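Asker: Fold the following.
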Amino acid sequence: MATVAHFVHGRGRGHASRALTILRALEERGHRVVLFAGGDALDLLASGGPHELVEVAPVIPGLSALRRLPGRLRGDLRRLRGLAPDVVISDGDAPGVRAGRHLGIPVISVGHSQFFLHCELPPELPRRRVAYERLVAGLTSAGADASVAVHFLPCEAADPTVRVARPDRPESLCGPVTDDGSIVAYLRDGLGLEALEAATAGGRRVRLFGFSRRPGVSEKGSYRSGAQRAVPAGVELAPFDREAFHQALRSCAAVIATAGSNLLAESVLLGKPVLALHRRGDHEQRINGLLAAAAGVAEAATIGEEALGARGASFLRRVDAGGFSKVDLEGALSPVSLAVAEQVEAFVGARPA
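Answerer: This next block holds a predicted model:
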C-alpha cells in the first residue's frame, strides 16, 4: 500500500471534482490518500465523503502568489515530512510540486494545464494566449517527474512520456440522458447573465447553479465585484449541489456556461451543446471555447460583448436545428483516475525494496 499526498488547486470546482475521482480509484486499489486543499476546492472536497483532508492556503497565479508561496512552501515541507508519502500528486498546485521535489518524493502533475504544455495544439490558436497558458502551466508544474494531461476532446501528446486522459464519468452522470428542452447554466464569477435572457424570453426553463439574487455575490459570497447585473426574470436559482447539477445536465437541451475544461468534458460526454463563455483576459477559457467550437460541440462568446444576448438566441436556434457534433470522448481517452493510479503504482513499484 502506498501513501499519497494529493494537492488540489483552490480556484473553481473542476480540480476538486477530479481529485475525488482519483482519490476513490486509489483507495479502491488499497492506497492511502491525504488531500491538501483550500479556497473553492475545500468546500466540495469536504462534502465529498469521508477521507483525510488538510486545509492549506490556496495559491492562485498572480501577484498574490508571490506573497503566499513562501508560507505555503514552509508548511508543505513540514506536512510532507510528517506524512512521509510515497508519491505526491499536484493538480495545479505549485507549492505541492516544489515541496515534493525538495524532499525527493516522486511528483505527478495532473490537470488541463498539462494539455498546453505537452499536447499537439492547432496552429490557428492565438499564439500569445497559448504562450501565457504554457508559462503558467510550466510555473505550476516545473520539476514534476510525470504528467497526466486532462482534456475535453480527443488529442495526442507531443511527448510520448506524458499520459493524456479525460475526466472520469461519475456515477451521477451515468443515468439516462434525455432532452426536456431546458437550459443548464453555470457562470463562474457571476458574469455573462445576458446570455440567459434569450433563453427565458423564448420560454425555456433555465436553471442557474451557484448564484445569488444579490448582484455580485455567489451563494458563498465569493463572486467578484464585476457581477453587477440582476438575474434575468424567470431564471431558477439553485445552490451548487453536484448530484443535482449532474441530474440537470443529463436532462437538459444545452448548456450556457463559462468555459471550464471539466464542465466542457461533462457536456461532451453527454452530447450536450455548450455556449462557452469567457472573460476578456481569461486565456485558458478563451482557448477552451475556440477548441470546442472548432470541434463542433460548442459556440464561443466573450462576456461583456454587446451582442451577447443575440449570441444566446442564435445558439439556441442552432441547438433546435441539431447543428452540433457529438464526440466519443469516452472511447477516445482513458479516465484520469486510471492514468494517475497507474503512474502512482509505477513509481511505487520502481522504489528500492
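
Asker: got the CA positions of the helix or strand of the chain with the lowest mean pLDDT in PDB?
Answerer: Averaged element by element with mean pLDDT, DSSP states H and E, the chain has its least confident helix or strand at helix 40-46 (a mean of 85). These are the backbone C-alpha positions of helix 40-46, laid out as PDB (Å, rounded to 0.1, in the frame of the first residue of the first chain):
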ATOM      1  CA  ASP A  40     -13.200  26.800  -3.700                       C
ATOM      2  CA  ALA A  41     -11.900  23.300  -3.700                       C
ATOM      3  CA  LEU A  42     -12.200  22.900   0.100                       C
ATOM      4  CA  ASP A  43     -16.000  23.000   0.300                       C
ATOM      5  CA  LEU A  44     -16.500  20.400  -2.400                       C
ATOM      6  CA  LEU A  45     -13.900  18.100  -1.100                       C
ATOM      7  CA  ALA A  46     -15.200  18.400   2.500                       C
END
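
Asker: Return the set of buried residues in it.
Answerer: The neighbour-count check on helix 40-46 (16 or more other CB atoms under 10 Å) flags 40, 41, 42, 44, 45 as buried. In this view, the C-beta of every residue, glycine as well, is placed from N, C-alpha and C.

Asker: Which elements pack onto the helix or strand that that helix is followed by?
Answerer: Scanning the chain past helix 40-46 towards its C-terminal end, the next helix or strand to appear is strand 52-55 (assignment: DSSP states H and E). Using 3 or more CB pairs under 8 Å, 6 or more residues apart in numbering; DSSP states H and E as the contact criterion, the neighbours of strand 52-55 among helices and strands are strand 32-37, helix 40-46.

Asker: Show me the one of the ones you listed that comes nearest residue 340.
Answerer: When the helices and strands packed on strand 52-55 are ranked by proximity to residue 340, the top entry is strand 32-37, at 10.6 Å, counting by CB to CB.

Asker: which ones are touching residue 106?
Answerer: Applying CB atoms under 8 Å, 6 or more residues apart in numbering, one finds that residue 106 lies in contact with 86, 87, 88, 100, 145, 146, 347.

Asker: again, but for residue 182
Answerer: Neighbour list for residue 182: 204, 205, 206, 207, 248, 251, 252, 253 [criterion: CB under 8 Å, 6+ apart].

Asker: Also residue 180?
Answerer: The contact partners of residue 180, taken as CB under 8 Å, 6+ apart, are 205, 251, 252, 253.

Asker: next one: residue 280
Answerer: 302, 303, 304.

Asker: Any buried residues in the strand or helix carrying residue 195, and which?
Answerer: Of the helices and strands defined by DSSP H and E, residue 195 is found in helix 194-201. When burial is assessed from 16+ other CB under 10 Å, helix 194-201 yields the following buried residues: 194, 195, 196, 197, 198, 199, 200.

Asker: What's the first helix or strand after it?
Answerer: Along the chain past helix 194-201, the next helix or strand (assigned with DSSP H and E) turns out to be strand 206-209.

Asker: any chance you could map the strands in this protein?
Answerer: Remark: strands of the chain, listed N- to C-terminal, are 3-8, 32-37, 52-55, 87-91, 107-111, 146-150, 163-166, 183-186, 206-209, 235-238, 254-258, 274-278, 298-302, 334-335; assignment by DSSP state E.

Asker: What are the contacting residues of the fourth one?
Answerer: Think strand 87-91. Under the criterion CB under 8 Å, 6+ apart, residues 2, 4-9, 15, 18-19, 22, 80, 96-97, 99-100, 105-111, 140-141, 144, 340, 344, 347-348 lie in contact with strand 87-91.

Asker: Please repeat the previous calculation with a cut-off of 6 Å.
Answerer: For strand 87-91, the external contacting residues (CB atoms under 6 Å, 6 or more residues apart in numbering) are 4-9, 15, 19, 96-97, 100, 105-111, 344, 347.

Asker: And the helices in this structure?
Answerer: Read by DSSP state H, the chain holds these helices, from start to end of the chain: 14-28, 40-46, 63-83, 94-102, 113-118, 127-141, 194-201, 242-251, 261-270, 283-294, 308-320, 329-332, 336-350.

Asker: could you give the angle of the first one to helix 261-270?
Answerer: Between helix 14-28 and helix 261-270, the angle comes out at 70 degrees (axes from the mean of the first three to the mean of the last three CA atoms, to 10 degrees).

Asker: How about the longest one?
Answerer: Going by the same axes, to 10 degrees, helix 63-83 is angled at 80 degrees with respect to helix 261-270.

Asker: Now helix 63-83: average pLDDT?
Answerer: When the per-residue pLDDT values of helix 63-83 are averaged, the result is 90.

Asker: Output that helix as CSV, nothing but the C-alphas.
Answerer: Output for helix 63-83, consisting of C-alpha atoms alone and laid out as CSV, is shown next (Å, rounded to 0.1, in the frame of the first residue of the first chain):
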residue,chain,number,x,y,z
LEU,A,63,0.8,38.8,-7.6
SER,A,64,-0.8,37.3,-4.5
ALA,A,65,1.1,34.1,-5.3
LEU,A,66,4.4,35.8,-4.6
ARG,A,67,3.2,36.7,-1.1
ARG,A,68,1.6,33.3,-0.3
LEU,A,69,4.1,30.9,-1.8
PRO,A,70,6.9,31.1,0.8
GLY,A,71,4.5,30.4,3.7
ARG,A,72,2.7,27.6,1.9
LEU,A,73,6.1,26.0,0.9
ARG,A,74,7.3,26.0,4.5
GLY,A,75,4.0,24.5,5.7
ASP,A,76,4.0,21.9,2.9
LEU,A,77,7.6,20.8,3.7
ARG,A,78,6.6,20.3,7.4
ARG,A,79,3.4,18.4,6.5
LEU,A,80,5.2,16.1,4.0
ARG,A,81,8.0,15.3,6.4
GLY,A,82,5.4,14.3,8.9
LEU,A,83,3.3,12.2,6.4
